[in-house]
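# Give the three-dimensional model of this entry:
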Amino acid sequence: MKLNKIFISVFVLASLLFINCGDTNSENTVDVQNSEYKFDLGKTVNRAFKGVITDEDNNALSGVTVKMNGKTAITDANGVFTLSNVSVKERFAYLTAEKAGYMKGSRTLMTHENLNSLRIMMLKPTIKTIQSGVVSIVEIGKTTVEFDGAFVTESGITYNGAVKVYMTDMPANDPKVFQKMPGSLLAIDSKGEYKGLHTFGMVNVELKGSNNEKLQLATGHQAKITMSISPEQQLYSPNVIPLWFFDETIGLWKEDGFSTKVGDKYVGNVSHFTPWNNDWAFTVASLTVVAKNESDGTTVNGIRCEIFRPSVVGPEDHWNVPLISLGITGANGTLTAGVPLNEIMIFRAYDQYGNMIHQEELPASNAMSRTVYVIIPLQQRIKG
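Okay, here's the model as predicted:
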């Protein structure tokens with residue numbers, strides 16, 4: 001598999017979709033149909049969470065401050081944290097992670113009973129210094145940001161002087177992008193409706209003054225973001241694509257403007273800085289995965305699950321890269337994540353060593369919810 005050539009499309013909106021797939025035979029599929037279904041975040045519940053936070057090289061990060069809805073934890077020497085009895089929504093929980101020297105990390109997820117597992121990869125930014133009052137271009141990887149030189153403090157006072165630009169980029173074909181990105185690409189479009197997103201690349205920019213005070217673009221001014229389109233996406237990239245910024249207060253992406261395709265790049269203008277993202281938006285439903293040992297029915301945690309799209313418009317070798325990294329099963333052997341509504345999908349599950357232990361085709365369905373059962377044969381039995 002060409003797992004290192006990920007083209008990303010994360011659909012993290014949920015309509016609780018359950019499909020039974022103990023076999024690769026679709027006759028065992030049970031779909032819950034509801035043409036009137038409209039996504040909501042569900043009722044308020046109390047949940048428990050356990051996570052691991054690392055740097056880009058998968059080294060554990062200790063001393064990271066993790067916050068979720070009034071609860072706080074600090075990662076230990078192994079980068080591990082736990083949070084218990086946290087008040088969240090059934091289909092939405094949002095946590096943030098902060099450590100000096102790193103860009104702010106975050107994750108949103110759909111929750112289930114018992115322990116919810118997650119992983120965050122925090123990024124060290126590239127730091128460049130520019131001056132106010134002049135046009136400047138900052139480049140990282142294949143992404144550039146052009147500033148016109150007009151900046152203000154958080155209180156709106158005009159800022160003059162040196163500006164430190166903290167910047168990270170997350171190309172769509174970065175194999176670690178699912179762990180690096182903020183939130184989970186659950187979004188609100190310009191009509192106020194929840195959507196799931198298919199990203200064509202992200203960039204995160206923070207601005208600070210000479211005394212480390214936070215800065216923003218001055219009112220009425222814009223910066224131009226230019227991001228390369230990954231080779232895997234060139235054939236089906238639209239000429240105009242919506243721009244989305246990550247609202248760090250609520251943990252959701254919001255539609256705000258658009259980018260235009262110029263050659264092999266997307267170019268768009270933004271009026272402020274948080275993470276920005278070029279994305280298609282899709283109507284989605286949710287998929288629940290339950291992993292069990294065939295011999296005794298015990299549930300299994302740590303099973304990594306991915307969705308592939310066999311109908312990608314593009315070269316056949318691009319069909320074998322993940323559309324969505326669903327995550328890993330938690331303490332009760334389950335996970336829930338958003339998937340595209342009414343599309344044929346290939347579901348695959350992997351053990352802790354990366355060996356594929358289950359694969360099946362999920363037929364297109366208008367079902368609002370599905371469950372996939374990953375049944376692990378006796379000879380591959382995994383301790384839960």
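
# Going by C-alpha atoms from here, please, whenever you check contacts or count neighbours.
OK.

# Report the secondary structure state of residue 179.
Here residue 179 is helix, with the state taken from DSSP: H, G, I helix; E, B strand; the rest coil.

# Now do it against residue 273, distance only.
Noted for residue 179: a distance of 21 Å to residue 273, by Cα to Cα, to the nearest Å.

# Between these two, which is the more surrounded one?
residue 179 (22 against 18; other Cα atoms under 10 Å).

# does the residue most central in space within the chain count as helix, strand or coil?
For the chain, the residue lying nearest the average C-alpha position, counting by Cα atoms, centre = their mean, turns out to be residue 184 (3.1 Å). With three-state DSSP as the basis, the three-state label of residue 184 is coil.

# In space, what's closest to it - neighbours in sequence excluded?
What sits nearest to residue 184 in space, not counting adjacent residues and going by Cα to Cα, 6 or more residues apart in numbering, is residue 108, at 5.3 Å.

# In a strand, the one you found, correct?
Yes. Looking at residue 108 with three-state DSSP, it is inside a strand.

# Spatially nearest residue to residue 225 (excluding sequence neighbours)?
The shortest distance from residue 225 to any residue that is not its chain neighbour, by Cα to Cα, 6+ apart, is 4.6 Å, and that residue is residue 145.

# can you pull the contacts of the one you found?
When the contact criterion is Cα atoms under 8 Å, 6 or more residues apart in numbering, the partners of residue 145 are 137, 138, 139, 223, 224, 225, 226.

# Strands of the stretch 201-350 of the chain, start to end?
Under the criterion DSSP state E, counting those that start in this stretch, strands of the stretch 201-350 of the chain are mapped to 214-217, 223-228, 240-247, 252-262, 265-270, 276-282, 284-293, 304-308, 322-328, 334-340, 345-350.

# hmm, back to that, can you tell me the helix or strand for the residue nearest to residue 225?
Counting by DSSP states H and E, the element that carries residue 145 is strand 143-147.

# what is the orientation angle of that strand with strand 265-270?
30 degrees (axes from the mean of the first three to the mean of the last three Cα atoms, to 10 degrees).

# pLDDT on the next helix or strand along the chain from strand 143-147, on average?
Proceeding C-terminally, strand 143-147 gives way to strand 151-153 as the next helix or strand, assigned by DSSP H and E. Across strand 151-153, pLDDT averages out at 98.

# Quick check: can you name the pairing partners of the helix or strand just after strand 151-153 and their directions?
Under the assignment DSSP H and E, the closest C-terminal helix or strand after strand 151-153 is strand 158-159. Neighbouring strands of strand 158-159 in its sheet, by DSSP bridges, are strand 151-153 (antiparallel).

# Which residues does the closest residue to residue 73 other than its chain neighbours form beta bridges with?
The shortest distance from residue 73 to any residue other than its chain neighbours is 5.2 Å, reached at residue 66 (Cα to Cα, 6+ apart). The residues paired with residue 66 through beta bridges, assigned by DSSP bridges, are residue 73, residue 97.

# mind listing what residue 66 touches?
Under the contact definition (Cα under 8 Å, 6+ apart), the residues listed for residue 66 are 72, 73, 74, 75, 81, 95, 96, 97, 98.

# change it to 6 Å
Contacts here follow Cα atoms under 6 Å, 6 or more residues apart in numbering; on that basis residue 66 touches 72, 73, 96, 97.

# Can you tell me which of those is closest to residue 346?
Of all the contacts of residue 66, the one sitting nearest residue 346 is residue 96; the distance, using Cα to Cα, is 31.5 Å.

# and the nearest residue to that closest one once chain neighbours are set aside, how far is that from residue 121?
Closest residue in space to residue 96, ignoring its immediate chain neighbours: residue 106 at 4.2 Å, by Cα to Cα, 6+ apart. The spacing between residue 106 and residue 121, counted by Cα to Cα, is 9 Å.

# One more: residue 242?
26 Å.

# For the two, work out which one has more neighbours and name it.
Comparing residue 242 with residue 121 by neighbour count (other Cα under 10 Å), the higher total belongs to residue 121, at 24 against 20.

# ok, now how distant is that one from residue 137?
Computed with Cα to Cα, the distance linking residue 121 and residue 137 is 27 Å.

# cool, residue 268 as well?
When distances are taken as Cα to Cα, residue 268 and residue 137 turn out to be 14 Å apart.

# next one: residue 229
Residue 229 sits 19 Å away from residue 137, taking Cα to Cα as the criterion.

# residues contacting residue 190?
Under the criterion of Cα under 6 Å, 6+ apart, the contact list for residue 190 reads residue 255.

# Surely it is within a strand?
No. The secondary structure assignment for residue 190 gives coil rather than a strand, going by three-state DSSP.

# Now do the phi/psi pair for it.
Dihedral pair for residue 190: phi -70, psi -20, per degrees, to the nearest 10.

# neighbours around residue 359, how many?
18.

# Leaving out chain neighbours, which residue sits closest to it?
With sequence-adjacent residues excluded and distances taken as Cα to Cα, 6+ apart, residue 359 is closest to residue 348, at 4.4 Å.

# what sits against the one you found?
Remark: with contacts taken as Cα under 6 Å, 6+ apart, residue 348 is in contact with 305, 306, 358, 359.

# Tell me the secondary structure at the third one.
Following three-state DSSP, residue 358 is assigned to strand.

# hey, what's the residue nearest to it when sequence neighbours are not counted bridged with?
Excluding the flanking residues, the one nearest residue 358 by Cα to Cα, 6+ apart is residue 349, at 5.1 Å. Note on residue 349: beta-bridge partners residue 305, residue 358, judged by DSSP bridges.

# Surely the residue nearest to the centre of the chain is in contact with residue 106?
No. Between residue 184 and residue 106 no contact is recorded; they are 8.6 Å apart, counting by Cα atoms under 6 Å.

# okay, and the helix or strand of this protein with the least pLDDT?
Lowest by mean pLDDT, DSSP states H and E among the helices and strands of the chain is strand 32-33, with a mean of 45.
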